[in-house]
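In: dropping the sequence and predicted coords here.
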Amino acid sequence: MTATTTTRTDARWAAVRAGLSRGWLETKYSIQEPGDVVWIVAFPVIYMVVLLFMRGSTVPGTDFALGAMVLPSLVGMSIGFGGLTGPASTIAVDREDGTLLRAKATPNGMVGYLVGKILLFALTTLVSLVALVIPAFTVAGDLRLDARTALLLVLIFVVGMVATVPISVALGSLFKTASQTGMLFLGSMLLIVPSGIFYPITALPEWLQWVGQAFPYYWLGLGARSAMLPENMVTAEIGESWRTAEMFAVLGAWAVVGMVLAPIVLRRMARRESGSTVAAARERYMSKGY
Amino acid sequence: MGAQKAPPPSGDVALDVRDLRMRYGTKDVLTGVSFTAHRGEVLALLGPNGAGKTTTIEILEGFRMRSAGEISVLGEDPAHAGEAWRARLGVVLQSWRDHSRWRVRELLGYLARFYAPYATADVVRPWDVDELMDVVGLTEHARAKVQTLSGGQRRRLDVAIGIVGRPELVFLDEPTAGFDPHARREFHDLVHRLADFENTTVLLTTHDLDEAEKLADRILVLDGGTIVANGSADQLARELTTQAEVRWTSDGRRHVHAVTEGDPTRFVRELVTNDLGVTELEVRRASLEDTYMSLVHRAEADQPDRSAGPALTGPSEQTEEVQS
């Protein structure tokens, strides 16, 4: 019995290590693929252009650079967007093309698959964050950049990933076909509206403020602002506080919900996968004629 | 006939299926499938499209829940077996677009890692990746992206993935569907090597009698949700082709009589005793291929009342007159 338990633990760890190598390889393949690179850097480039246009503008009523105000929110949003939309869309694709079925046919293959996904999206989100560093230089003078900033950003990145990737995996498992994931982008975009990223949340009607505060986008933005903005900018926030404890609590709650839901939904979905479901997906795809 | 006539279990039983049933809604897909497979045996599950081959194999792979029946795959019930069981099993899937960006060697290397903890004193797991690529003939494509492989190369990669963990039992569902004759032959060689050198049990499905005859030690014919014949190609030829045609001329008219069950001798004896004008008597036994083709045709016609079919199960005899 002890031997069996040892094997089981060994096998899990072997799968986690294999998953890490999977995440690394997939990141490598992804950044060699022009289509993917465009996708990873498209938003950062758009933000960069927006920030460059904001040069010289100030937050109304102050002499604080508008770009410096927006940049931290964009950092928070990029973490949320990368974590929420990426995994969901690839899971639907992987399900259709048989990647998930291979994982299922391999001992502990699902563990390796999930670990690989988390690492892949953590790394590609990092790449898109690095792309934001460039415009950051243009407003660096107005930002607060010290050891506290770095520590908070790393924490927010990690917590942000853990709070969003599992939820995204669960959502992706609910989609029947890859083409349905477009809904997710739409939903994600809608959630950004009341998130205080582009428009101060305090200027929104109160019910919309509550909607915004229910989702990770607002808290990721708030966290990034608390890390990068000077202390006196706190006056623009709800309750004139960075609410750091609340931020980690809400993101932590999302992480817990995701961690509980994702394996259940993923397992339920994967249970239905077999050679004939993949064959049916292929048939569907071929009959569309592209 | 069929399952009950299988040899009694001896040695290691890799697969034991008893009265497997599957029902989707009100449709019975499997109505009682029983068979066993021994260590190192190559079994072909042969049958027309829609006979339930894929359903059977997916249940055995643990990818589908059955409605009823007793199943033991490598000593465990696939519906409840764990990852250690999965590690002893090889499933050859038909690749399509999955892992298309991966390089051949990196994909095999990645999948091999999952099997290492399951090595035992008897079985070294996984295969050495370079050796495996050599066995399936992919060495020169080691650095190629999966999406650049030809259909045949890709299929060999599928086999390599299926056996990278040195499985004791391998499942192949319609392994050569869409193959050209050359690729098909290469693939057959590979399956033979697997069974001969590795003592691996192989269960494959096919709707091609020729393929089943070439590959399998034993052929199971699945029809109408049950096994209607079970044996080597030779045994099957004797067991299945009970159908015979008796032709003769009497009063200047040509007659054909189909004897669908039993020995045609009795019919012939009665015929020549009762009708002294019989000439040009001819008794022709259907070949295994004829019999199988009539089974396929019947399945394609999809007759609602299967017992009325002309070939295997119908006890009816009929005589028709033909003008010569």
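Out: Good, I have the coordinates. Numbers count the residues shown, from 1 in each chain, chains lettered A, B, ... in the order given.
In: so where do the helices sit in the stretch 51-200 of chain B?
Out: B:53-60, B:83-87, B:104-113, B:129-136, B:151-163, B:181-198 (DSSP state H, counting those that start in this stretch).
In: one more: chain A?
Out: With helices called from DSSP state H, chain A shows them at A:2-31, A:34-53, A:66-97, A:99-105, A:109-136, A:147-174, A:182-192, A:206-214, A:216-228, A:244-271, A:275-287.
In: most tightly packed of those helices?
Out: helix A:216-228 (a mean of 27; mean count of other Cβ atoms under 10 Å in any protein chain shown). Backbone N, C-alpha and C define where each C-beta goes, glycine included.
In: get me the contact residues on the stretch 151-290 of chain A for chain B.
Out: The stretch 151-290 of chain A comes close to chain B at residues A:273-276, A:278-279, A:282, as judged by Cβ under 8 Å from any Cβ of the partner chain.
In: from those, which single one is nearest B:E76?
Out: Nearest to B:E76 among those: A:S274, at 18.6 Å, using Cβ to Cβ.
In: residues in contact with that closest one?
Out: A:101, B:58, B:61, B:63-64 (Cβ atoms under 8 Å, 6 or more residues apart in numbering or on different chains).
In: filter those residues to the buried ones?
Out: Buried members of the contacts of A:S274, counted by 16 or more other Cβ atoms under 10 Å in any protein chain shown: A:101, B:58, B:61, B:63-64.
In: how about the helices in the stretch 201-324 of chain B?
Out: Using DSSP H, counting those that start in this stretch, helices in the stretch 201-324 of chain B cover B:209-215, B:233-240, B:265-274, B:288-301.
In: how far out from the middle of the chain is the third one?
Out: What separates the centre of helix B:265-274 from the centre of its chain is 39 Å, taken as Cα atoms, centre = their mean, to the nearest Å.
In: contacting residues for the most centrally placed residue in chain A?
Out: By Cα atoms, centre = their mean, chain A has its centre lying nearest to A:G83, at 1.4 Å. Taking Cβ under 8 Å, 6+ apart, we find A:G83 in contact with A:121, A:125, A:160-161, A:163-165, A:168.
In: and if you look at A:Y47?
Out: Counting by Cβ under 8 Å, 6+ apart, A:Y47 has contacts A:71, A:74, A:78, A:132, A:135.
In: of those residues, which pair is most distant in space?
Out: A:S78 and A:P135 (12.1 Å).
In: circling back: turn the contacts of A:S274 into TSV, columns for pLDDT and distance to A:P34.
Out: Shown next, in TSV, are those (pLDDT from 0 to 100; distance: Cβ to Cβ, whole Å):
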residue	pLDDT	distance to A:P34
A:L101	89	28
B:E58	90	38
B:E61	93	38
B:F63	88	36
B:R64	88	40
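In: nearest residue to the residue nearest to the centre of chain A other than its sequence neighbours?
Out: Distances taken as Cβ to Cβ, 6 or more residues apart in numbering or on different chains place A:T164 nearest to A:G83, at 2.9 Å, with adjacent residues excluded.
In: repeat that for A:T106.
Out: A:T106's closest residue in space is B:F114 (Cβ to Cβ, 6+ apart), at 5.0 Å.
In: pretty sure that neighbour is touching A:R17, no?
Out: No - between B:F114 and A:R17 there is no contact under Cβ atoms under 8 Å: 9.9 Å.
In: which non-adjacent residue is nearest the most centrally placed residue in chain B?
Out: When chain B is reduced to its mean C-alpha position, the closest residue under Cα atoms, centre = their mean turns out to be B:L45, at 1.9 Å. Counting by Cβ to Cβ, 6+ apart, B:L45 lies nearest to B:T205, which is 4.5 Å off, once chain neighbours are set aside.
In: hmm, the one you found is touching B:N49, no?
Out: No - B:T205 is not in contact with B:N49 according to Cβ under 8 Å; the separation is 10.7 Å.
In: out of the two, which sits in the busier spot?
Out: More crowded of B:T205 and B:N49, by other Cβ atoms under 10 Å in any protein chain shown: B:T205, with 24 against 11.
In: what are the buried residues along stretch B:113-120?
Out: For stretch B:113-120, by 16+ other Cβ under 10 Å, it's B:113-118.
In: just stretch B:72-88 next, same as before
Out: B:72-74, B:76, B:78, B:81, B:83-88.
In: any part of it near chain A?
Out: Yes - using Cβ under 8 Å from any Cβ, stretch B:72-88 reaches chain A at B:83-84, B:86-87.
In: so what pLDDT did the nearest residue to A:R17 once chain neighbours are set aside get?
Out: Closest residue to A:R17 apart from its sequence neighbours, by Cβ to Cβ, 6+ apart: B:R113 at 7.0 Å. According to the prediction, B:R113 has pLDDT 95.
In: same question for B:R306.
Out: 42.
In: do the same with the one 5 residues further on
Out: At B:A311, the model reports a pLDDT of 41.
In: then the one 4 residues further on?
Out: Here, the pLDDT recorded for B:P315 equals 37.
In: B:S10 too?
Out: Reported pLDDT for B:S10: 45.
In: does chain A sit close to stretch B:185-203?
Out: No - counting by Cβ under 8 Å from any Cβ, chain A is not contacted by stretch B:185-203; separation bottoms out at 13.4 Å.
In: any buried residues in that stretch, and which?
Out: Those buried within stretch B:185-203 under the rule 16+ other Cβ under 10 Å are B:186-188, B:190-191, B:194-195, B:198, B:200-203.
In: where is pLDDT lowest across the residues you listed?
Out: Within the buried residues of stretch B:185-203, lowest confidence goes to B:E198 (77).
In: show the contacting residues for it.
Out: B:163, B:166.
In: how far away is it from chain A?
Out: Separation of B:E198 from chain A (Cβ to the nearest Cβ, to the nearest Å) stands at 18 Å.
In: need the contact list for the residue lying closest to B:H141 once chain neighbours are set aside.
Out: The spatially closest residue to B:H141, leaving aside those adjacent along the chain, is B:V104, at 5.4 Å (Cβ to Cβ, 6+ apart). Applying Cβ under 8 Å, 6+ apart, we find B:V104 in contact with B:133, B:138, B:141-146, B:149, B:157.
In: between these, which sits nearest A:D97?
Out: B:V146 (11.2 Å).
In: what's around the closest one, how many residues?
Out: Neighbour tally, B:V146, other Cβ under 10 Å: 20.
In: confidence score at it?
Out: On the pLDDT scale, B:V146 gets 94.
In: picking up where we left off before, closest one to B:V272 among the helices of chain A?
Out: By Cβ to Cβ (comparing all of these), the closest turns out to be helix A:275-287, at 53.6 Å.
In: pLDDT wise, what is B:V13 at?
Out: pLDDT for B:V13: 90.
In: equivalent analysis for A:M269, please.
Out: pLDDT at A:M269 comes out at 80.
In: could you do the one 5 residues further on as well?
Out: The predicted local distance difference test score for A:S274 is 76.
In: thanks a lot, see you next time.
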